[in-house]
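[1] Sequence first, then the predicted structure, then my questions.
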Amino acid sequence: MLLAVLVMSAHAEDQQCKVARKNTVTQALAIVTEIDSHIEAVPPDEANYLQTEWTAAMKDNNMARYSLVSVRPYYPAWTLHGSLQRAKTDLSSMSGPAFGESLERYQVKKAAAVMVRLSFAVNDFMQYTQADNGRQQHVLSQEQQGHYSQQLGSLALMLSTYIDCTVDDIK
């Protein structure tokens, strides 16, 4: 009897893992895309200015120059868009191709990299919401801020489950 329960439990876990492996990337991409679509667009000229000045400040390790860039009104939106775009790029590449290693190993490595990207996105989202709350006209409502914060936070758990299930499939 105990063996039957263990077998049924293992089968249910296998099914949950199949679903997680099948749906996680699609769901994560949808969440990141949704959040990105609700952040105001940075005008192209401003985005070019921010990219040029931020790059120069980082290259020269010039904190005064960085400070001037980081107080610009679109800076929080620009950094958040960048973090979300990098997460989307990494998520989109998780299906492969894997050169020189199994697809499962490649997917685990990519999922781990996405988790790191998401930590930056969470930080950038917090800075963005702080800036947005300082405006008279908010881009995001308090309800949206809470919802998107919760969604971003849930992505790490989703990817952790994905990694666990994928590691179990490595032969």
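    Arrived safely, thanks for sending.
[2] so where does the residue most central in space within the chain fall, helix or strand?
    With distances taken as Cα atoms, centre = their mean, residue 118 lies nearest the centre of the chain, 3.7 Å away. For residue 118, the host element (DSSP states H and E) is helix 103-133.
[3] ditto for residue 167
    Using DSSP H and E, the element containing residue 167 is helix 142-169.
[4] Give me the buried positions along that helix.
    Neighbour-count burial for helix 142-169, with 16 or more other Cβ atoms under 10 Å as criterion, is recorded at 145, 148-149, 151-152, 155, 158-159, 161-163, 165-166. The C-beta positions use only the backbone N, C-alpha and C, and glycine is treated the same way.
[5] and those as CSV, adding distance to residue 127?
    Shown next, in CSV, are those (distance: Cβ to Cβ, whole Å):
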residue, distance to residue 127
145, 12
148, 13
149, 12
151, 17
152, 13
155, 18
158, 23
159, 22
161, 28
162, 27
163, 27
165, 33
166, 32
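[6] Closest one to residue 76 out of the residues you listed, please.
    Using Cβ to Cβ, residue 145 is the member of the buried residues of helix 142-169 that lies nearest residue 76, at 12.8 Å.
[7] so what secondary structure elements neighbour the helix holding residue 167?
    The helices and strands touching helix 142-169, judged by 3 or more Cβ pairs under 8 Å, 6 or more residues apart in numbering; DSSP states H and E, are helix 2-37, helix 103-133.
[8] Compare these and report which one is nearest to residue 72.
    Closest approach to residue 72 among those is made by helix 103-133 (10.5 Å; Cβ to Cβ).
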